[in-house]
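Asker: Sequence unavailable; structure follows:
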């Protein structure tokens, strides 16, 4: 006859840690088109000639106090008009404060059409710090120009565009 053995425990104890919760961060930036630049944003300038730059326009990017640290990117969309192939854009950033400081580093300098679409986005934050911290503000300044090689075909034409700013959480 075979015997089958079982182990039976008389004493035991169980402990629990209940109500574990994980929540995701909030990403929320505010873009303020300001009148503190030489010209207001959005840029609306008429009668430019080739090689002539607009005056500087300024905007601030603010990371809301209930947000998280973010990296900020910029690109353009909805570029339209026969003049767009002949427009250059200069976008700068730097230490918040004076015009000289805020224009310290070019984020982008080139044809406006090369900044079109999310696949051509450029990072704004990496020039000042790795990210825009909670409740921090950074400024961008920009100006536009009709290219020196523009032909008579674009006389009286226009170019319009939308600027898109995207905040993303940094990869740690």
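Answerer: That came in fine, so what should we check first? Note that the coordinates shown come from a computational prediction; the quantities given were computed from them, not determined experimentally.
Asker: what separates the residue lying closest to residue 66 once chain neighbours are set aside from residue 69, distance-wise?
Answerer: Of all residues beyond its chain neighbours, the one nearest residue 66 is residue 26 (5.7 Å), with distances taken as C-beta to C-beta, 6 or more residues apart in numbering. For the C-beta atoms, the positions are set from N, CA and C on the backbone; glycine is no exception. The gap separating residue 26 from residue 69 is 12 Å, by C-beta to C-beta, to the nearest Å.
Asker: which one of these two has more residues nearby?
Answerer: Neighbour count, other C-beta atoms under 10 Å: between residue 26 and residue 69, residue 69 has more, with 19 against 10.
Asker: Contacts only, for that one.
Answerer: With contact set as C-beta atoms under 8 Å, 6 or more residues apart in numbering, residue 69 has these partners: 63, 131, 132, 133, 134, 169, 170.
Asker: The residue nearest to residue 66 belongs to a helix, doesn't it?
Answerer: No: applying DSSP: H, G, I helix; E, B strand; the rest coil, one finds residue 26 to be coil, outside a helix.
Asker: you'd agree it is up against residue 63?
Answerer: No: the pair residue 26 / residue 63 is not scored as a contact, 10.6 Å apart, by C-beta atoms under 8 Å.
Asker: Return the distance of the residue nearest to residue 66 relative to residue 70.
Answerer: On the measure of C-beta to C-beta, residue 26 and residue 70 end up 10 Å apart.
Asker: what does residue 162 give?
Answerer: Separation of residue 162 from residue 70 (C-beta to C-beta) stands at 20 Å.
Asker: neighbour count winner among these two?
Answerer: Just comparing residue 162 and residue 70: by other C-beta under 10 Å the higher neighbour count belongs to residue 70, 24 against 11.
Asker: Who are the contact partners of the more buried one?
Answerer: For residue 70, the contacting residues are 27, 29, 63, 125, 131, 132, 167, 168, 169, 170, by C-beta under 8 Å, 6+ apart.
Asker: if you set the cut-off to 10 Å instead, what comes out?
Answerer: Shown here is residue 70, whose contacts under the criterion C-beta atoms under 10 Å, 6 or more residues apart in numbering are 25, 27-29, 61, 63-64, 125, 131-134, 136, 166-170.
Asker: Please identify every residue contacting each of residue 26 and residue 70.
Answerer: Common neighbours of residue 26 and residue 70 are listed as 64, 169 (criterion: C-beta under 10 Å, 6+ apart).
Asker: Could you list the buried residues of the worst-scoring helix or strand of the chain on mean pLDDT?
Answerer: Ranked by mean pLDDT, DSSP states H and E, the weakest helix or strand in the chain is strand 29-33, scoring a mean of 79. Neighbour-count burial for strand 29-33, counted by 16 or more other C-beta atoms under 10 Å, picks out 29, 31.
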